[in-house]
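S.K.: Turn this into a structure:
(4 chains)
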2 protein chains.
Amino acid sequence: MPRPAKVTRVSKATRDKIIKAASHAFARDGYEGASIRAIVAEAGVNQAAINYHFGSKEGLYRAVLQTALRALMKDDEVPQNNLPRETALRRFVRRQLRPMTARDELSEYVRIFNWETLKPSPVFRKFMAREVAPFFAVATELARRFLPSRATDQQAVVGALWLFGQCSIFVRNADQLANPPLRLKIDERFVDGLADTIATWAADGLARLPTRTRS
Amino acid sequence: MPRPAKVTRVSKATRDKIIKAASHAFARDGYEGASIRAIVAEAGVNQAAINYHFGSKEGLYRAVLQTALRALMKDDEVPQNNLPRETALRRFVRRQLRPMTARDELSEYVRIFNWETLKPSPVFRKFMAREVAPFFAVATELARRFLPSRATDQQAVVGALWLFGQCSIFVRNADQLANPPLRLKIDERFVDGLADTIATWAADGLARLPTRTRS
DNA sequence: GCTATGTTCAAACGACCGTTTTAATTCTCG
DNA sequence: CGAGAATTAAAACGGTCGTTTGAACATAGC
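M.R.: This next block holds a predicted model:
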């Protein structure tokens, strides 16, 4: 099981092609469902290249998760505390909804994480346990700006989770919304309006968080 | 590919054992991830029994979906329109949250449907397209009781979906909530409180559905 | 009890899986 | 340029998958 020591120009190109194709495959079929043969076919590289460059399928998945997390956190890492909380919330929601229309890398990454929430892979558990924390912290901070000052940490976490949930349900079901029997036309304007709606609901909901939640 | 003509006593027992084990497996690993060999091992039957009784893995999955849907719709089919809308909403939410604590068949069925929302199987698309409709209609009707009278059908559908989403995100992440770093103690009392919270939020949110949503 | 039919069983088939091996090719650098 | 390392390539390995086969077993009806 040789592994590259020096990283040459060509090998980097191969690595990038593999990761790109692997993101496609893992997003579409999940970790177990995606096959190495399908990935190398799409990437146009040899099958052994994956084991050579990443050691194993797990190693490749680790690399994809790394790439995904970096891309997803890129703009969220700087909490927009300088903005009015309503504006910050609206932007957060809109960003979460972006995969509904943007069929780009970002929506693939979101899908990979959706797979992980349903059946976490061992790779994910080990690798992500700490890396996701700061990403989640942004949402928690955002939620706290709307919560009553007496809210506990746990309530803030629940609020943040609630926030993610309201967005992700639409992202997850975007295709079903677009198809019969609903046939919603999901374009930028629709998502903009939806972001307004969710932001409004969420702001109201967080502000009146019942203290009974942790009864 | 022989199939049973008469259904005898013994064959029904075998069928039931298989369906029970298959529900376990499909809920845990999804349709593709679950293997026939694992199912028959858990059921304690021969491997060929599945092809004999259900024709194929797809046929078995169809039977499981049928069982699951029947169980999930059992009490929801009768819309509780005689109750005050707040009570009906609270009960609906509480029922949706039931799998958080009830580690019984019902929670397995919910998990199977979670798999399908992430990657619908051909079986599901064909079989469920119409069967799910009445189940979803109950939620839509419930949402409509809170919406402004001017709300369109599509807004009611979005409201219903929003309702499902608020519940399912907690169901889906129940395990993560219970584990570090949160360590929430998810018992009946917690879920009761959570149901109150969600019902309150949802009632408020639906009542002030912005008309811009369908811009 | 015998026959016919329903049901179970062990074994095998071909296909696909992730990984390894071995050899050829390409690149890097003195 | 040429030696040595890095990378690609093709083929094969062992394993699991869903399905099929053909014989053994259990059951029902006359």
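S.K.: Longest helix of chain A, counting residues only.
M.R.: Using DSSP state H to define each element, chain A has its longest helix at helix A:9-33.
S.K.: Run through who's touching it.
M.R.: Residues external to helix A:9-33 that are found in contact with it (C-beta atoms under 8 Å, 6 or more residues apart in numbering or on different chains): A:4, A:34-35, A:38-40, A:42-45, A:49-50, A:53-54, A:60-61, A:63-64, A:67-68, A:105, A:107-109, A:111-112, A:115, A:119, A:121, A:123, B:30, B:32-33, B:118-119. Using the backbone N, CA and C atoms, a C-beta is placed for each residue, glycine as well.
S.K.: try stretch A:117-134
M.R.: By C-beta under 8 Å, 6+ apart, the list of residues contacting stretch A:117-134 from outside reads A:30-32, A:58, A:61-62, A:65-66, A:69, A:73, A:77, A:116, B:28-30, B:33, B:114-115, B:118, B:172-173, B:176, B:181.
S.K.: center of chain A - which residue?
M.R.: Averaging the C-alpha coordinates of chain A gives a centre point, and the residue nearest to it by C-alpha atoms, centre = their mean is residue A:110 (3.2 Å).
S.K.: Show the pLDDT at the residue lying closest to that residue once chain neighbours are set aside.
M.R.: Spatial nearest neighbour of residue A:110, excluding adjacent residues (C-beta to C-beta, 6 or more residues apart in numbering or on different chains): residue A:99 at 4.7 Å. Listed pLDDT for residue A:99 reads 80.
S.K.: ok, the residue nearest to the centre of chain A to residue A:170 distance?
M.R.: Spatial separation of residue A:110 from residue A:170 under the definition C-beta to C-beta, to the nearest Å is 12 Å.
S.K.: And residue A:63, by the same measure?
M.R.: In this structure, residue A:63 lies at 30 Å from residue A:170, with C-beta to C-beta as the measure.
S.K.: More neighbours: which of the two?
M.R.: A count of neighbours by other C-beta atoms under 10 Å in any protein chain shown puts residue A:170 above the other of residue A:63 and residue A:170, at 24 against 18.
S.K.: now the worst-scoring helix or strand of chain A on mean pLDDT, how far from the centre of its chain.
M.R.: Counting by mean pLDDT, DSSP states H and E, chain A has its least confident helix or strand at helix A:174-178, which shows a mean of 71. The chain centroid and the centroid of helix A:174-178 are separated by 18 Å, computed with C-alpha atoms, centre = their mean, to the nearest Å.
S.K.: same thing with stretch A:188-196?
M.R.: Put simply, stretch A:188-196 sits 19 Å off its chain's centre (C-alpha atoms, centre = their mean).
S.K.: Only the buried residues of it, if you could.
M.R.: When burial is assessed from 16 or more other C-beta atoms under 10 Å in any protein chain shown, stretch A:188-196 yields the following buried residues: A:190-196.
S.K.: What is the neighbour count of residue A:125?
M.R.: Taking other C-beta under 10 Å as the criterion, the count of residues near residue A:125 is 10.
S.K.: Does residue A:148 fall in a helix, a strand, or a coil region?
M.R.: Using DSSP: H, G, I helix; E, B strand; the rest coil, the three-state assignment for residue A:148 comes out as coil.
S.K.: Report pLDDT for it.
M.R.: Note on residue A:148: pLDDT of 86.
S.K.: close enough to count as contact, it and residue A:159?
M.R.: No. With contact taken as C-beta atoms under 8 Å, residue A:148 and residue A:159 are classed as non-touching, separated by 10.7 Å.
S.K.: From residue A:92, how far off is residue A:144?
M.R.: If you measure residue A:144 against residue A:92 using C-beta to C-beta, the figure is 13 Å.
S.K.: Compare these two and say which is more crowded by neighbours.
M.R.: Legend: neighbour count by other C-beta under 10 Å for residue A:144 and residue A:92, higher for residue A:92 (24 against 19).
S.K.: Please name the nearest non-neighbouring residue to the more buried one.
M.R.: The shortest distance from residue A:92 to any residue that is not its chain neighbour, by C-beta to C-beta, 6+ apart, is 5.7 Å, and that residue is residue A:142.
S.K.: need the contact list for residue A:86.
M.R.: So residue A:86 contacts A:199, A:203 (C-beta under 8 Å, 6+ apart).
S.K.: State the pLDDT value of it.
M.R.: Confidence per residue is given as pLDDT, and for residue A:86 that number is 94.
S.K.: now do residue A:9
M.R.: 65.
S.K.: Likewise for the one 3 residues further on?
M.R.: At residue A:12 the predicted local confidence, pLDDT, stands at 81.
S.K.: Determine if any part of the helix or strand following the least confident helix or strand of chain A is in contact with chain B.
M.R.: Secondary structure here is assigned by DSSP states H and E; on that basis, the next helix or strand after helix A:174-178 toward the C-terminus is helix A:188-207. Yes. Part of helix A:188-207 sits near chain B under the criterion C-beta under 8 Å from any C-beta of the partner chain, namely A:189-190, A:192-194, A:196-197, A:200-201, A:204-205.
S.K.: Tell me both backbone torsions, phi and psi, for residue A:101.
M.R.: Comment: the main-chain dihedrals of residue A:101 come out as phi -110, psi -40, following degrees, to the nearest 10.
S.K.: Who has more neighbours out of residue A:148 and residue A:159?
M.R.: Looking at residue A:148 and residue A:159 with other C-beta under 10 Å, you find the greater number of neighbours at residue A:159, namely 23 against 12.
S.K.: Might you report the residue contacts of the more buried one?
M.R.: Here residue A:159 is in contact with A:140, A:143-144, A:146-147, A:151, A:206, A:209 (C-beta under 8 Å, 6+ apart).
S.K.: what secondary structure does it sit in?
M.R.: Recorded secondary structure, residue A:159: helix (three-state DSSP).
S.K.: Kindly report the same for residue A:37.
M.R.: The local conformation at residue A:37, judged by three-state DSSP, is helix.
S.K.: any idea how far residue A:11 is from residue A:53?
M.R.: Residue A:11 sits 7 Å away from residue A:53, going by C-beta to C-beta.
S.K.: next one: residue A:117
M.R.: Residue A:117 is 28 Å from residue A:53, where distance means C-beta to C-beta.
S.K.: Please apply the same query to residue A:168.
M.R.: In this structure, residue A:168 and residue A:53 are 32 Å apart, going by C-beta to C-beta.
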